[in-house]
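**Q** sequence and predicted structure are below.
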Amino acid sequence: MKDRNEIIPLLHTLRCPTFLTRDHDFYHSWLRHLGYCLVYLEVKPEEAAFFIRQFLRHPRFYTQAQHMGTVVRVHHDGISFWQVKFDSQQDLGWLVRQP
């Protein structure tokens with residue numbers, strides 16, 4: 001699967017998936033859905049694993065229930081996200097200093 005038009009329908013068939021990608025096409029507010037979480041990693045390929053761990057350990061996104069219904073952008077300065085039922089983007093900083 002190479003594009004959003006194939007991946008989003010697949011996510012609807014899965015139970016509470018979190019999809020992580022480096023493709024910026026997945027960071028749009030209109031992609032919010034209670035049935036999944038989309039995470040766009042705006043970092044270099046070699047940094048992805050580190051930032052995935054940081055995202056999943058962040059108190060705001062620690063549990064699956066906390067990150068369902070969000071479209072997230074993970075970047076060096078923190079986390080930006082759109083959440084179902086909220087019309088504006090929210091921003092969080094990292095709790096620890098990043099490399």
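**A** Everything's here; your move. Numbers count the residues shown, from 1 in each chain.
**Q** which residues does the residue positioned nearest the centre of the chain contact?
**A** Centroid-nearest residue in the chain: Val39, 2.1 Å away (criterion: CA atoms, centre = their mean). Shown in contact with Val39 (CB atoms under 8 Å, 6 or more residues apart in numbering): 18-21, 52, 55, 67, 72-74. In this view, the C-beta of every residue, glycine as well, is placed from N, C-alpha and C.
**Q** likewise for Ile52?
**A** Ile52 sits in contact with 20, 39, 41, 74, where contact means CB under 8 Å, 6+ apart.
**Q** kindly report the same for Gln89.
**A** 29, 80-82.
**Q** and the buried ones among the contacts of Val39, selectable in PyMOL?
**A** Restricted to buried positions by 16 or more other CB atoms under 10 Å, the PyMOL selection for those reads:
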select buried, resi 18+19+20+52+55+67+72+73+74
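**Q** which of the contacts of Val39 has the weakest pLDDT?
**A** Across these, the bottom pLDDT score, 91, is held by His67.
**Q** now the residue nearest to the centre of the chain: which helix or strand?
**A** Val39 is located in strand 37-41, with elements delineated by DSSP states H and E.
**Q** pull up the pairing partners for that strand, direction included.
**A** strand 18-21 (parallel), strand 70-75 (parallel) (DSSP bridges).
**Q** list the buried ones in the lowest-mean-pLDDT helix or strand in the chain?
**A** Ranked by mean pLDDT, DSSP states H and E, the helix or strand of the chain with the weakest confidence is helix 4-13, at a mean of 88. Within helix 4-13, the residues scored as buried using 16+ other CB under 10 Å are 7, 11.
**Q** ditto for stretch 42-59
**A** Under 16+ other CB under 10 Å, the buried positions of stretch 42-59 are 43, 47, 51-52, 54-55, 58.
**Q** before we move on, back to that, residues making contact with the least confident helix or strand of the chain?
**A** 1, 17, 19, 23, 25-26, 31, 33, 35-36, 38.
**Q** hmm, which of those is lowest in pLDDT?
**A** For the contacts of helix 4-13, the least confident entry is Met1, with 51.
**Q** what is the nearest of the buried residues of stretch 42-59 to Trp94?
**A** Using CB to CB, Gln54 comes nearest to Trp94 of the buried residues of stretch 42-59, at 6.6 Å.
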